[in-house]
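Enquirer: Here is my input; please provide its structure:
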Amino acid sequence: MKTWRALLLIAASIVWVPLAASAEDVVVAQINGVDIKQSDLDFAASEVGAQLANYPPEDRRRMLLQFVIENELMAEAAMKDGLDSGQSFEDRLKYHRRRALRDAYFDKSVRNAVTEEDAKKVYDEKISSVKPEEEIHARHILVSTEAEAKEIAERLKKGEDFATLAKEKSKDPSAEGGDLGFFGRGQMLKPFEDAAFALEVGQISEPVQTQFGWHIIKVEEKRMRPLPTFDEVKDTIISQLTQQRAKQTLTELHDAAKIDIVDPQIKKAMQDAAVRGETPPEDEGEPSGGVEDNH
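Expert: Next comes the predicted model:
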């Protein structure tokens with residue numbers, strides 16, 4: 001992605017899962033008599049939500065309230081110190097007003113313009129072209145030498161339990177009882193994969209060598225890999241569509257605008273960046289027309 005759009009596209013890269021919807025803008029806390037409402041948490045989410053995306057919903061709600069509380073406390077302290085007037089404050093207000101307008105436009109023209117129906121259409125198109133792939137559920141026992149592997153193979157032929165031997169002998173601590181779960185082609189080393197996929201269910205391989213040592217493999221199950229459901233991939237598709245919509249919107253706005261870079265150092269830096277393909281060419285004040293953007 002070209003850096004000239006990166007900052008404005010960040011908001012599109014995360015699908016922010018809304019907090020629990022309420023019929024009204026309920027009060028969630030009070031600070032020195034000032035009501036903190038659900039809408040305050042929602043606005044905070046638009047600002048810092050991406051940083052909390054990996055937390056569970058109940059933690060996000062708590063952390064957002066903490067953020068709003070700290071905001072309010074510092075705002076009150078600023079007013080007591082007389083920081084709510086003067087040119088610097090007015091300039092800051094002007095910037096944040098335009099930021100708020102940007103957010104409102106982004107929600108209207110980008111985020112809310114992408115619907116679940118749009119995502120479902122993409123899903124239906126993609127899923128219809130996906131070919132089912134075979135995958136297997138296997139166990140293995142990994143040892144250092146061929147002699148060890150042959151000894152284990154003999155013990156298995158005599159009826160010893162595979163999982164028990166794996167716990168006792170295998171050098172792979174990440175696979176409990178040697179269990180590798182389900183995997184498809186291309187996920188394992190080639191010699192291991194070839195041997196595993198050649199086995200029938202319940203069958204045990206001869207010793208197989210890879211760069212990690214010697215393996216004895218047992219196939220537990222075979223199946224066709226389940227295709228992802230729409231609910232499983234919906235958020236990812238919506239995120240991708242939102243990014244596409246944001247890029248298109250920014251391109252249209254940029255191409256229709258007359259942009260003059262007055263600062264000579266910034267202008268030179270932007271011209272250099274344009275040569276590297278990181279920004280659109282500086283247009284000497286004329287609309288840029290159609291700037292090709294090869295993402």
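Enquirer: any idea which strand is longest in the chain?
Expert: Across the chain, the longest stretch assigned as strand under DSSP state E is strand 213-224.
Enquirer: What is the lengthiest helix in the chain packed up against?
Expert: Longest helix of the chain, by residue count under DSSP state H: helix 230-256. Contacts defined by 3 or more Cβ pairs under 8 Å, 6 or more residues apart in numbering; DSSP states H and E place helix 230-256 against helix 3-9, helix 87-109, helix 116-128. No exception for glycine: its C-beta is placed from N, CA and C like everyone else's.
Enquirer: if we compare those helices, which one ends up closest to residue 159?
Expert: Among those, helix 116-128 comes nearest to residue 159, with 44.5 Å by Cβ to Cβ.
Enquirer: name the helices or strands packed onto the closest one?
Expert: Packing partners of helix 116-128 (3+ Cβ pairs under 8 Å, 6+ apart): helix 230-256.
Enquirer: quick one: buried residues of the helix it packs on?
Expert: For helix 230-256, a neighbour-count test (16 or more other Cβ atoms under 10 Å) marks 233-234, 237-243, 245-247, 249-251, 254 as buried.
Enquirer: Likewise for stretch 34-41?
Expert: By neighbour count with 16+ other Cβ under 10 Å, stretch 34-41 contains the buried residues 36, 37, 38, 40, 41.
Enquirer: Kindly report the same for stretch 105-113.
Expert: Using 16+ other Cβ under 10 Å as the test for burial, stretch 105-113 gives 106, 110, 111, 113.
Enquirer: Same check on stretch 206-214?
Expert: Of all the residues in stretch 206-214, those buried under the rule 16+ other Cβ under 10 Å are 207, 208, 213, 214.
Enquirer: Columns distance to residue 67 on top of those residues, output as JSON lines?
Expert: Output for the buried residues of stretch 206-214, formatted as JSON lines (distance: Cβ to Cβ, whole Å):
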{"residue": "207", "distance to residue 67": "58"}
{"residue": "208", "distance to residue 67": "54"}
{"residue": "213", "distance to residue 67": "51"}
{"residue": "214", "distance to residue 67": "55"}
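Enquirer: closest to residue 54 among those residues?
Expert: residue 213 (35.7 Å).
Enquirer: mind checking how far that closest one is from residue 278?
Expert: As judged by Cβ to Cβ, to the nearest Å, residue 213 and residue 278 stand 47 Å apart.
Enquirer: Let me know the closest of the buried residues of stretch 206-214 to residue 142.
Expert: Taking Cβ to Cβ as the measure, residue 142 sits nearest to residue 213 out of the buried residues of stretch 206-214, at 5.2 Å.
Enquirer: Identify the bridge partners of that closest one.
Expert: Counting by DSSP bridges, residue 213 is bridged to residue 210.
Enquirer: measure it to residue 191 for me?
Expert: Separation of residue 213 from residue 191 (Cβ to Cβ): 12 Å.
Enquirer: In JSON lines: the buried residues of stretch 34-41, plus pLDDT and distance to residue 49.
Expert: Formatted as JSON lines, the buried residues of stretch 34-41 follow (pLDDT from 0 to 100; distance: Cβ to Cβ, whole Å):
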{"residue": "36", "pLDDT": "92", "distance to residue 49": "17"}
{"residue": "37", "pLDDT": "91", "distance to residue 49": "17"}
{"residue": "38", "pLDDT": "90", "distance to residue 49": "14"}
{"residue": "40", "pLDDT": "91", "distance to residue 49": "13"}
{"residue": "41", "pLDDT": "89", "distance to residue 49": "10"}
